[in-house]
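1. prediction below, plus the sequence it came from.
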Amino acid sequence: MLALRRLQSHSFKLTRAQSTVEATASAASNALAGDALPATSIPAKKRRARSLRTSRSKISLENPRQWKRPLAVGVLPVFDEALKYIKADSVKLKEEMKELQTSLEAAKQTSEPDVQALKQMEEKLEILEINSEINFPEVQWKCANGMADLSKPVDRHIIERRWRKEGPLDLLMERLHQMHIVPDVLAGLHPSLDLRITFPDHHVKTDARKKYRHVEPGVYLLPEQTVNPPRLYTDVFHTDERLYTLIMVDPDVPDVANSTYGTFLHWLQPNISLSATTPVPISDINTHTQYIPPHPQKGTPYHRYTLLLLRQKTTLDIPPFTAEERLGFSMRDFIENYDLDITAGGAHMWREVWSAGVSDIFRDVLKLDEPQFGKPPKVDRYAGKNRYML
């Protein structure tokens, strides 16, 4: 049996070799007869696969997409029944909303309406509206895919809950305390809105196709990335227009005269009106005390660049800061003088160290000679003494 298997394998090899010889002989005879040989293609050098640009735009409110059922009707009966139950519960809550709305309108028509009771009824009405829509899969899907409409109470509730409960706010507060922004810059901070920023990606060298990327709080950026102001995106959870002041500071600037560190004001813009429906990124925010790029001095440790949006109580008339007034800026005095609210607003921060691009900022933007810092030289205790004993 073993010999038979070996004979079969040898016969297969002989047959394949014979077919190869016949093909070669046939090609040679065609060449002698004047027939042109087919052109043999040289295998192309294997290239690294590149990601292709798709023409499909990203999901957003400007380019919306519709939610589609993951299962057709009848495939999974329990899923169909769950959707029916959610819809029936929504109808029931909306009927309760109508009754409460009627009672609210009647209470407003009384000669002496109870303000506290009206406020409680309005809060309950909003809760009923949220509960009547929050369980629909399409509502959750839109909020998870960047199509939340913050003019709707249910979308605001989902986005705020995600920001507060699913990590972004915890990460921000961790970095603010870990990097000692609190208490070095502020005594305390309680953000009430989600502030996000983007800067150009440092891998992109050309100006024509800059890619702006989200900046995680506390990461390191290059000074070349932050030459221009960042783009600011906010998720605000109140529907009425409120005023905020934008402040950007560096609390790690060397103060040579006092042998300590001081604060430098990089950016200030008061009276920014924000609400849940304000378009993003925020526009027209570089008209007051204009943005000066971060320029960490050579020889210094990393600098903590802090960006704040603090709530104003009234419209403020703040004179622009001069170049001399920027250095030595006191955040605590500024907040106290203009009565800013640190319990409402947003915050962000990142870090930078010196690089070659800082020299260009000092020369082209600040019009100053670039300083250099370092450790003082060690004192030679044996200078001027005979070091050798004879």
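-> It's in.
2. show me the shaky parts of the stretch 1-150 of the chain.
-> 1-58, 60-62 (pLDDT under 70).
3. for it, which segments count as helices?
-> Secondary structure of the stretch 1-150 of the chain (DSSP state H, counting those that start in this stretch): helices located at 2-32, 77-108, 115-133, 137-144.
4. which strands and helices sit next to the helix or strand containing Glu174?
-> Per DSSP states H and E, Glu174 falls inside helix 168-178. Packing partners of helix 168-178 (3 or more Cβ pairs under 8 Å, 6 or more residues apart in numbering; DSSP states H and E): strand 341-352. Where you see a C-beta, it was placed from the backbone N, CA and C, and this is true even at glycine.
5. quick one, phi psi at Trp267?
-> The phi/psi pair for Trp267 (degrees, to the nearest 10) reads phi -160, psi 140.
6. now stretch 100-119 - C-alpha only, CSV.
-> The C-alpha trace of stretch 100-119 is given here as CSV (Å, rounded to 0.1, in the frame of the first residue of the first chain):
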residue,chain,number,x,y,z
LEU,A,100,-50.6,68.8,33.8
GLN,A,101,-50.2,71.4,31.1
THR,A,102,-53.9,72.3,31.4
SER,A,103,-53.5,72.7,35.2
LEU,A,104,-50.4,74.8,34.7
GLU,A,105,-52.1,77.2,32.4
ALA,A,106,-55.1,77.5,34.8
ALA,A,107,-52.7,78.2,37.7
LYS,A,108,-51.0,81.0,35.7
GLN,A,109,-54.4,82.7,35.1
THR,A,110,-55.2,83.2,38.8
SER,A,111,-54.9,86.6,40.3
GLU,A,112,-52.1,85.7,42.7
PRO,A,113,-50.3,82.6,41.3
ASP,A,114,-48.0,80.7,43.6
VAL,A,115,-44.6,81.0,42.1
GLN,A,116,-43.1,78.0,43.9
ALA,A,117,-46.0,75.8,42.9
LEU,A,118,-45.7,76.9,39.3
LYS,A,119,-42.0,76.1,39.3
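7. what is the neighbour count of the closest residue in space to Ser273 that isn't next to it in sequence?
-> Closest residue in space to Ser273, ignoring its immediate chain neighbours: Glu241 at 5.0 Å, by Cβ to Cβ, 6 or more residues apart in numbering. Using other Cβ atoms under 10 Å, Glu241 has 12 other residues around it.
8. tell me who's in contact with Glu241.
-> 273-275 (Cβ atoms under 8 Å, 6 or more residues apart in numbering).
9. okay, the angle between the helix holding Glu174 and strand 341-352?
-> Using axes from the mean of the first three to the mean of the last three Cα atoms, to 10 degrees, the inter-axis angle of helix 168-178 relative to strand 341-352 is 70 degrees.
10. buried ones in helix 168-178?
-> 168, 172-173, 175-176 (16 or more other Cβ atoms under 10 Å).
11. cool, stretch 79-91 as well?
-> 79, 86, 90.
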